[in-house]
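*Asks:* I would like to see how this sequence folds:
(one chain, ligands or ions: 1)
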Amino acid sequence: MDRFLVESPHDPGDCRKVVKNIYAQGYLYNCDWGCKGGVHKAWVIIEAENQKQALWVVPPILRTNATATKIVKFEPEMVEEWKDE
Ligand SMILES: [Zn+2]
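*Replies:* Predicted coordinates for the structure are as follows:
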């Protein structure tokens, strides 16, 4: 399984509607929100087989216009192996 960062935008007027829906789905603590910083997006990190599955796993209200990006953490050993180009 890979990790994906799902980013889902919503309209500024829809914050409460979206957050309430996420709360009702039991997903509240999985999400980080940019609303208080003026960026109306939710972010969730999901484990999934691929991008499509990552988008499928999030609650339906987050799927509209959402993007899923595969994310990794680089290990120090990997970075140290890289030769300067
Ligand atoms: Zn918002």
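*Asks:* just checking, what's the longest helix in this protein?
*Replies:* The single longest helix within the chain, with elements called by DSSP state H, is helix 15-24.
*Asks:* List every C-alpha atom in that one, with coordinates, as PDB.
*Replies:* Extracted C-alpha coordinates of helix 15-24, given in PDB (Å, rounded to 0.1, in the frame of the first residue of the first chain):
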ATOM      1  CA  CYS A  15     -17.300  24.900   5.500                       C
ATOM      2  CA  ARG A  16     -19.900  24.000   8.200                       C
ATOM      3  CA  LYS A  17     -21.900  21.800   5.800                       C
ATOM      4  CA  VAL A  18     -18.800  19.900   4.700                       C
ATOM      5  CA  VAL A  19     -17.300  19.600   8.300                       C
ATOM      6  CA  LYS A  20     -20.700  18.400   9.700                       C
ATOM      7  CA  ASN A  21     -20.900  15.800   7.000                       C
ATOM      8  CA  ILE A  22     -17.400  14.600   7.700                       C
ATOM      9  CA  TYR A  23     -18.200  14.500  11.500                       C
ATOM     10  CA  ALA A  24     -21.300  12.400  10.800                       C
END
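*Asks:* Can you name the element that comes right after it?
*Replies:* Next along the chain after helix 15-24, taking DSSP states H and E as the criterion, comes strand 31-33.
*Asks:* Could you list the contact residues of this structure toward the ion?
*Replies:* Taking CB under 5 Å from the ion as the test, the list of the chain residues beside the ion reads 15, 35, 40. In short, each C-beta sits where N, CA and C put it, glycine included.
*Asks:* Any idea how many residues pack against the first one?
*Replies:* Spelled out, that is Cys15. A total of 15 residues lie near Cys15 under the criterion other CB atoms under 10 Å.
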